[in-house]
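[1] Here is the input, now give the coordinates:
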Amino acid sequence: MKRYYVLFILMILTIPVFLGVNVLQSIECGVIRNEIRKLEKSQEDCLNNNKAIAGEITDLLAIDKLEAEAKKMGLQKVRPEDVLVIIMGGKGRGL
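    Prediction:
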């Protein structure tokens, strides 16, 4: 009979321990949830930044923008008559 009282008292004493562990686990889950939100926000910012950069690259690679930038730098289009093609023969070339 005395043995059952000891077991009963031990069971009663373990309940607060389990409740404390449950509270600690809940707090840890809350911290992790907040960290996940921060990471998702950071990921969203990076995606938006990447989209903006991709748009800028597309704009910079547009032919009219490239030509305008080349004119600012004093460059001109090469005319076909200004192109000199040199064909060099040699062994192994089959020429």
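[2] And Q43, how close does it get to Y4?
    Remark: distance between Q43 and Y4 (CB to CB, to the nearest Å) = 57 Å. In short, each C-beta sits where N, CA and C put it, glycine included.
[3] One more: T58?
    From T58 to Y4 the distance is 79 Å (CB to CB).
[4] likewise L66?
    90 Å.
[5] Also E35?
    For E35, the distance to Y4 - CB to CB - is 47 Å.
[6] what's the answer for N50, then?
    From N50 to Y4 the distance is 67 Å (CB to CB).
[7] Low-confidence ranges, the chain, go.
    Where the chain drops to pLDDT under 70, the residues are 90-95.
[8] what's downstream of the host helix or strand of Y4, the next helix or strand?
    Assigned by DSSP states H and E, Y4 belongs to helix 2-60. Toward the C-terminal end, the helix or strand that comes next after helix 2-60 (DSSP H and E) is helix 63-72.
[9] That following helix versus helix 2-60: what angle between them?
    60 degrees (axes from the mean of the first three to the mean of the last three CA atoms, to 10 degrees).
[10] Can you tell me what sits against helix 63-72?
    Under the criterion CB atoms under 8 Å, 6 or more residues apart in numbering, residues D59, L60, Q76 lie in contact with helix 63-72.
[11] In CSV, list the residues you listed along with neighbour count.
    Below are the contacts of helix 63-72 laid out as CSV (neighbours: other CB atoms under 10 Å):
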residue, neighbour count
D59, 9
L60, 10
Q76, 8
